[in-house]
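Peer 1: return atomic coordinates for the entry below.
(chains A, B and C)
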Amino acid sequence: MSDYKLVFHINENDRWPFTLRSVRNFIRADESHRAVVVANGGAVRSFSQLEADPNRMARIRGLEAEGVDFVVCAVALDERQVKEELIPDYVRVVPAGIVEIAKLQAEGYGYVKA
Amino acid sequence: MSDYKLVFHINENDRWPFTLRSVRNFIRADESHRAVVVANGGAVRSFSQLEADPNRMARIRGLEAEGVDFVVCAVALDERQVKEELIPDYVRVVPAGIVEIAKLQAEGYGYVKA
Amino acid sequence: MSDYKLVFHINENDRWPFTLRSVRNFIRADESHRAVVVANGGAVRSFSQLEADPNRMARIRGLEAEGVDFVVCAVALDERQVKEELIPDYVRVVPAGIVEIAKLQAEGYGYVKA
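Peer 2: Purely as a prediction, here's the structure:
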C-alpha cells in the first residue's frame, strides 16, 4: 500500500517553485498518490499576475492535468483585492482555505507546509 | 460532520497576524470547530511585550473568549528570558510545546503551520 | 499513553538549530517518543559542508545515537549537486523526501514544520 494523500499548504508567494517541485516529485513517485494544493495568505498573489508569470501558471495547469487539485482561499483573495474572475477555471475557490486544510486532514490526508 | 479540530503551530513572532486571522476564519466558519494555538521558538516574544502590543493581546484574548486555547512553551520562554509571570492567565504554559503538538495530533487534531 | 511519534520536516538550511532543539526537547520529554527528521529543499545543504559545521553534525550524530532517524531527499541532493558520498552513514538517503513524509503520516506520525 502506498496510495498516500497529501495536502500541500502554501501561504507565501515565493514558495510556489518549491511547492510545485514537491508536488511533482510526490505524484510522479506513484500513480496512486493524491495531492491537493491549498493556497491562502500571500500565496494567492500569483493569481493576480497571470500575464506576469505564464510559466508558473503553465506548471500549475500541467500538474492539474496530472490529477492535482488546486484550491484557493476566497478570504485571501478578498484581502488582497484579487478578483475571483482572474482565477482559472481549473482552480477551485473555497470560502476559507483553512477549513479545506482541516477537512482534508480529517479525511486522512497528510499535511505538508511548503 | 464538520467538527474539525486544528492545532496552529507558530514559531516566528512576525507570523502572529496571519495566524490569528487564520484561527478566526476557522472558528467562525462553523461553531463546532475547535482550535488550539501552540507558540514556541521566537513566537513567544509577543508575551514579553504586553504593554508594547495591546492590540495583539486583545485579539488573543478575544479569540480565547470564543473558545480558542492558547498554549505557550516553557522552554521557549526560558531560552528568551521571558518570565512566566508575564503570561496572561488565559494562556496555558506547558513544559514543551512540541509535546503538546504531538499530543493533539495523536488525539485527532489536524496541523497547520502559520 | 504518551508514545508520540513526530516527523520533523525541514526544508530551509537556517532552520537546523531550531529543528534540532525541538527534536531534543521532544525525545527527552519521554523515552517512548519517536522522531524522524526529513530534510529536503535547501536544508540538505548542511550535508555539503561537513567540515564547515562540525558542531551541527555532532548534534545530529548525538540525536541519532539517542534514537532519532535522519532522512535526506536524493532529489534535493541532486538539485544542489551535493554528492551522496558526503552523507554520513547514520543518515538515510531516500529517493523523495516528500514520499517519506506522506508515508510516516500514513503510519500515524504527527507532522511538524520547523
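
Peer 1: so which residues of chain A form helices?
Peer 2: Applying DSSP state H to chain A gives helices spanning A:16-29, A:54-65, A:74-79, A:97-106.

Peer 1: among those, which is nearest chain B?
Peer 2: When the helices of chain A are compared by CB to the nearest CB, helix A:97-106 sits nearest chain B, at 3.3 Å. Using the backbone N, CA and C atoms, a C-beta is placed for each residue, glycine as well.

Peer 1: which strands and helices sit next to that closest one?
Peer 2: Applying 3 or more CB pairs under 8 Å, 6 or more residues apart in numbering or on different chains; DSSP states H and E, one finds that helix A:97-106 makes contact with strand A:5-10, strand A:34-39, strand A:69-73, strand B:5-10, helix B:16-29, strand B:110-113.

Peer 1: looking at the ones you listed, which is nearest to chain C?
Peer 2: Closest approach to chain C among those is made by strand B:110-113 (4.0 Å; CB to the nearest CB).

Peer 1: so what touches that closest one?
Peer 2: A:9, A:98, A:101-102, A:105-106, A:111, A:113, B:4-9, B:22, B:101, B:105, C:110-113 (CB atoms under 8 Å, 6 or more residues apart in numbering or on different chains).

Peer 1: repeat for stretch A:17-33
Peer 2: Identification of contacts with stretch A:17-33 by CB under 8 Å, 6+ apart yields A:2-6, A:8, A:10, A:35, A:37, A:56, A:59-60, A:63, A:66-68, A:112, A:114, C:11, C:40-41, C:75, C:95-96, C:98-99, C:102.

Peer 1: what comes up buried for that stretch?
Peer 2: A:F18, A:T19, A:L20, A:R21, A:S22, A:V23, A:R24, A:N25, A:F26, A:I27, A:A29, A:H33 (16 or more other CB atoms under 10 Å in any protein chain shown).

Peer 1: using PyMOL, define a selection of the buried residues within the contacts of stretch A:17-33.
Peer 2: Per 16+ other CB under 10 Å, the buried members of these correspond to this PyMOL selection:
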select buried, (chain A and resi 4+5+6+8+10+35+37+56+59+60+63+68+112+114) or (chain C and resi 11+40+41+75+96+98+99+102)
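
Peer 1: point out the residues in chain A that sit beside chain B.
Peer 2: Within chain A, the positions adjacent to chain B are A:9, A:11, A:40-41, A:75, A:95-96, A:98-99, A:101-103, A:105-106, A:111, A:113 by CB under 8 Å from any CB of the partner chain.

Peer 1: from those residues, which is closest to B:D89?
Peer 2: Within these, distances to B:D89 taken as CB to CB reach their minimum at A:I98, with 27.6 Å.

Peer 1: skip the chain neighbours and tell me the closest residue to that closest one.
Peer 2: Computed as CB to CB, 6 or more residues apart in numbering or on different chains, the closest residue to A:I98 that is not its neighbour in sequence is B:F26, at 4.6 Å.

Peer 1: what of A:I60?
Peer 2: Counting by CB to CB, 6+ apart, the residue nearest A:I60 is A:F70, at 6.0 Å.

Peer 1: and the pLDDT for the one you found?
Peer 2: Listed pLDDT for A:F70 reads 98.

Peer 1: run a quick neighbour tally on it.
Peer 2: Applying other CB atoms under 10 Å in any protein chain shown, we find 21 residues neighbouring A:F70.

Peer 1: who's it bridged to?
Peer 2: A:V37 (DSSP bridges).

Peer 1: and the residue most central in space within chain A, what does it touch?
Peer 2: Centroid check for chain A by CA atoms, centre = their mean gives A:V37 as the closest residue, at 2.7 Å. Contact analysis of A:V37 by CB under 8 Å, 6+ apart lists A:V7, A:F8, A:I10, A:T19, A:V23, A:L63, A:V68, A:D69, A:F70, A:V71.

Peer 1: nearest to C:F47 among those residues?
Peer 2: Using CB to CB, A:T19 comes nearest to C:F47 of the contacts of A:V37, at 22.5 Å.

Peer 1: distance of the closest one from A:V38?
Peer 2: From A:T19 across to A:V38, the span is 10 Å (CB to CB, to the nearest Å).

Peer 1: over to A:A65?
Peer 2: Taking CB to CB, one finds A:A65 at 19 Å from A:V38.

Peer 1: repeat for A:G97
Peer 2: Counting by CB to CB, the gap from A:G97 to A:V38 is 5 Å.

Peer 1: check A:E64 too.
Peer 2: 14 Å.

Peer 1: tell me the one among the buried residues of stretch A:17-33 nearest to A:R80.
Peer 2: Nearest to A:R80 out of the buried residues of stretch A:17-33 is A:T19 (CB to CB; 18.2 Å).

Peer 1: quick check: closest non-adjacent residue to the closest one.
Peer 2: Spatial nearest neighbour of A:T19, chain neighbours left out: A:A114 (3.9 Å); criterion: CB to CB, 6+ apart.

Peer 1: re earlier: common neighbours of A:T19 and A:V38, please.
Peer 2: Common neighbours of A:T19 and A:V38, using CB under 8 Å, 6+ apart, are A:F8, A:I10.
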